[in-house]
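How does the following fold in three dimensions:
(one chain, ligands or ions: 1)
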Amino acid sequence: MKLNQNIAKLKLPENLKIGLMVKEYRNQHPNQDDQGCYSFELGQSPFPVPKTIQEAFKLASDENDYVQAEGLDLLREKIKSFNQAHYDLDIPIDRILIGPGSKAIIGILIQMLEGHFILPTPSWIGYIPQLNAYQKSYEYMRLSADDDYKVKPERLRKVLENIDGPSIFIINNPHNPTGAVYSKSELMALTEVFRDHDVTVISDEIYAMTTYEEGVFTSMAKIYPEKTFVTNGISKDRSAGGYRLGSLILPEEKSEKLFKIFKTYASILYSNVSTPIQVASMTAYDDHPQITSDMIDARAIHRMVGRYFSHYCNEIPGVHASTPEGGFYFVIDFNGLKDHLYNQGIHTSIDLSYAMFKEPYKVAIITGDAVGLDEDDFLVRVAFIDYDGQMILDAYRQDQPRGESEESRFILKHMSHMKKGFEMIKQFIFDLSHNNLNQ
Ligand SMILES: Cc1ncc(COP(=O)(O)O)c(C=O)c1O
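Got it, this is the predicted structure:
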């Protein structure tokens, strides 16, 4: 058997092994009630799929037809109405397609588009393996805490001035992993640069509906409709990652041609997104009170937890944490402790992630090549979701905290495991700063 080496040689970032280590640890310690290890590496909503969507899925189980590759008209109509209601977008359904998760859609776009890709980093862990798999030319743009982890127009202009030929910019808003959210005026300022350099944009808006403050999020489809592809889905805000349902808005420019190309390629690759999932997802895009209330409460819990723990980390001497405005991640910057890290044999951020996972800390985080950072760039991603989502949702509804002090009380009462995990991060930083890592 001879294998295509482009495929056979693909590998996942080294750092993603941490997730496997957590699984293994938990398998080996089944009776420890998970207390021995803190799983801050996984990027998945902890909440259940809203009941109404689950019911719709059960009812759709006899849907056995192959259907059109772009997605059922009625589902795309529902997505159109959802876009109108939540993002003030008026997009006809012949610019809307669906795919098996936004990841697969992004993968197709990366394959489809010719040119040089620009990826702000740290980034979501999904883009880089795809850029590699499809052998694309790309470069990173390291985001800085001084810029609130957002791309500044002047910097982008400089990067673009050095690129010959077409370029594609990937923006993720709200941002995994820093939690940054761009304001409308920031997007408009970037768009001026995009227009000057004729840039195509992939705007990954999968966390749009998790933006903590209402009215803050603006879709790129509103600001730069002519050349932006917008991807979204139901994985994060409706907690249905396993359903694998993503959506795409095509740019205005050449939309008819793009529609045909995407549809043809989708049909060659996977025929159509699972029909029962499409039918169930029609409900996911309905304006249903139960789904809306699940989404609102999940978002409020992410805000409460994210703000509490990023503030907690920012109080720890030696490190700096980003303050999330959406999603369920923030980053902690350990670069100020480089001397201590080197002193204790930690030379790469991958070493750092393994050190943090050792006894007694047992904290799993993601860093390094997985998020597009140099190996000696010690920034770590923390996903603050290591709790039982259903239990927390019930507790939140019974005993809704109002104001900062009640929120702190809620977290201490209901999220003691997560609190312990962050105490372990603090302990790790303390031991590191005193050249006394306990391992
Ligand atoms: C920034 C970002 N984009 C896209 C995805 C993929 O989402 P989906 O489940 O729609 O494929 C994720 C999932 O972790 C993500 O964090």
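
Do you have the strands of the protein handy? List them.
38-39, 96-99, 116-121, 137-142, 167-172, 200-204, 228-233, 246-249, 320-321, 329-333, 363-364, 366-367, 379-383 (DSSP state E).

export those strands to CSV and tack on mean pLDDT?
CSV is the format used below for the strands of the chain (pLDDT from 0 to 100):
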stretch, mean pLDDT
strand 38-39, 92
strand 96-99, 98
strand 116-121, 98
strand 137-142, 98
strand 167-172, 98
strand 200-204, 98
strand 228-233, 98
strand 246-249, 98
strand 320-321, 98
strand 329-333, 98
strand 363-364, 95
strand 366-367, 92
strand 379-383, 96
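
Any chance of those in JSON lines with mean neighbour count and distance to the ligand as columns?
All C-beta spots, glycine's among them, are computed from the backbone N, C-alpha and C. Below are the strands of the chain laid out as JSON lines (neighbours: other Cβ atoms under 10 Å; distance: least, Cβ to the nearest ligand atom, whole Å):
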{"stretch": "strand 38-39", "mean neighbour count": "24", "distance to the ligand": "15"}
{"stretch": "strand 96-99", "mean neighbour count": "25", "distance to the ligand": "9"}
{"stretch": "strand 116-121", "mean neighbour count": "20", "distance to the ligand": "12"}
{"stretch": "strand 137-142", "mean neighbour count": "16", "distance to the ligand": "16"}
{"stretch": "strand 167-172", "mean neighbour count": "23", "distance to the ligand": "5"}
{"stretch": "strand 200-204", "mean neighbour count": "24", "distance to the ligand": "5"}
{"stretch": "strand 228-233", "mean neighbour count": "26", "distance to the ligand": "4"}
{"stretch": "strand 246-249", "mean neighbour count": "25", "distance to the ligand": "4"}
{"stretch": "strand 320-321", "mean neighbour count": "19", "distance to the ligand": "19"}
{"stretch": "strand 329-333", "mean neighbour count": "25", "distance to the ligand": "8"}
{"stretch": "strand 363-364", "mean neighbour count": "26", "distance to the ligand": "16"}
{"stretch": "strand 366-367", "mean neighbour count": "28", "distance to the ligand": "11"}
{"stretch": "strand 379-383", "mean neighbour count": "27", "distance to the ligand": "9"}
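
Now tabulate those strands in CSV and tack on distance to E70.
Compiled in CSV, the strands of the chain are given as follows (distance: least, Cβ to Cβ, whole Å):
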stretch, distance to E70
strand 38-39, 37
strand 96-99, 4
strand 116-121, 25
strand 137-142, 28
strand 167-172, 22
strand 200-204, 18
strand 228-233, 14
strand 246-249, 9
strand 320-321, 42
strand 329-333, 32
strand 363-364, 39
strand 366-367, 34
strand 379-383, 33
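
Quick one, which of these gets closest to I53.
Closest to I53 of the strands of the chain is strand 228-233 (Cβ to Cβ; 13.0 Å).

Find the nearest non-adjacent residue to M21, please.
Nearest residue to M21 in three dimensions, chain neighbours excluded: F357, at 6.1 Å (Cβ to Cβ, 6 or more residues apart in numbering).

That neighbour: what's it in contact with?
Each residue near F357 by Cβ atoms under 8 Å, 6 or more residues apart in numbering is listed here: I18, M21, C37, V363, A364.

What of E325?
So E325 contacts P174, G179, A180, V181, T211, Y212, E213, V216 (Cβ under 8 Å, 6+ apart).

same thing but at 10 Å, please
Contact partners of E325, counting by Cβ atoms under 10 Å, 6 or more residues apart in numbering, are 148, 173-175, 178-183, 207, 210-213, 216-217, 303, 306-307.

Show me which of those are buried.
Neighbour-count burial (16 or more other Cβ atoms under 10 Å) is assigned, among the contacts of E325, to 148, 173-175, 178-182, 207, 210-212, 217, 303, 306-307.

Which of those fall in helices?
R303, G306, R307 (DSSP state H).

which parts of the chain sit against the ligand?
43, 101-103, 124, 126, 172, 176, 204, 206, 233, 235, 241, 246 (Cβ under 6 Å from any ligand atom).

from those residues, which two are the most distant?
Greatest spacing in the residues of the chain next to the ligand, by Cβ to Cβ: N172 and G241 (16.3 Å).

ok, for the residue in the stretch 251-400 of the chain that the ligand sits nearest to, nearest residue in space, not its chain neighbours?
Nearest residue of the stretch 251-400 of the chain to the ligand: G327, at 7.7 Å (Cβ to the nearest ligand atom). Computed as Cβ to Cβ, 6+ apart, the closest residue to G327 that is not its neighbour in sequence is Y207, at 4.2 Å.

Show the contacting residues for the residue nearest the centre of the chain.
Centroid-nearest residue in the chain: N176, 4.2 Å away (criterion: Cα atoms, centre = their mean). Counting by Cβ under 10 Å, 6+ apart, N176 touches 43, 122-126, 204, 206-207, 236, 324, 326-329, 371, 381, 383.

Report the spatially nearest residue to it, omitting neighbours in sequence.
W124 (4.5 Å).

Can you get me a residue count around the one you found?
Around W124 there are 24 other residues, counting by other Cβ atoms under 10 Å.

Can you give me the distance of D90 to the ligand?
Distance, D90 to the ligand, using Cβ to the nearest ligand atom, to the nearest Å: 23 Å.

How about that residue: what's its closest non-neighbour residue?
Q84 (6.1 Å).

Please report how far the one you found lies from K260.
Q84 sits 25 Å away from K260, going by Cβ to Cβ, to the nearest Å.

just to revisit the earlier point, to L190, which of the strands of the chain lies closest?
L190 lies closest to strand 167-172 among these, at 7.7 Å (Cβ to Cβ).

got the angle for that closest one vs strand 116-121?
Using axes from the mean of the first three to the mean of the last three Cα atoms, to 10 degrees, the direction of strand 167-172 lies 30 degrees away from that of strand 116-121.

Which neighbouring elements make contact with strand 167-172?
The contact analysis (3 or more Cβ pairs under 10 Å, 6 or more residues apart in numbering; DSSP states H and E) places strand 167-172 against helix 102-112, strand 116-121, helix 127-133, strand 137-142, helix 153-161, helix 184-197, strand 200-204, strand 228-233.
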